[in-house]
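Q: the amino acid sequence is not available; the structure is as follows:
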């Protein structure tokens with residue numbers, strides 16, 4: 001099952017502000033999410049339903065899976081110091 005990955009306005013803005021080499025790694029990871037929405041290294045956020053985070057170096061990708069719509073919404077991409085605020 002292939003899901004569509006969409007970035008929120010804030011996530012897109014954050015992606016453009018980080019170093020290019022890390023942004024490239026994040027884009028590669030987002031492409032992988034289309035085929036494997038919950039990789040083994042993804043961590044579920046406890047208080048939320050179908051919300052996960054993935055670690056890419058010092059950065060975190062936070063996303064929500066909408067199974068009925070077959071969409072993954074990436075709502076946060078930021079440095080680990082600011083990711084959970």
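A: Perfect, I can see it now. What you see is a predicted model, and the numbers here were worked out from it, not measured in a lab.
Q: contact partners for the residue nearest the centre of the chain?
A: With distances taken as Cα atoms, centre = their mean, residue 61 lies nearest the centre of the chain, 3.5 Å away. Contact analysis of residue 61 by Cβ atoms under 8 Å, 6 or more residues apart in numbering lists 26, 29-30, 53-54, 74, 76-77. C-betas here are computed from N, CA, C, even on glycine.
Q: what's the answer for residue 25, then?
A: The contact partners of residue 25, by Cβ under 8 Å, 6+ apart, come to 56-57.
Q: kindly report the same for the one 10 residues further on.
A: Residue 35 makes contact with residue 2 under the criterion Cβ under 8 Å, 6+ apart.
Q: how about stretch 4-21: buried residues?
A: 5-7, 11, 14-15, 18 (16 or more other Cβ atoms under 10 Å).
Q: most widely separated two among these?
A: Using Cβ to Cβ, the two most remote members of the buried residues of stretch 4-21 are 6 and 18, lying 18.6 Å apart.
Q: just confirm residue 52 is within a strand.
A: Yes: counting by DSSP: H, G, I helix; E, B strand; the rest coil, residue 52 is part of a strand.
Q: returning to that earlier point: top of the contacts of residue 61 by neighbour count?
A: Counting neighbours by other Cβ atoms under 10 Å, the top entry in those is residue 77, with 28 neighbours.
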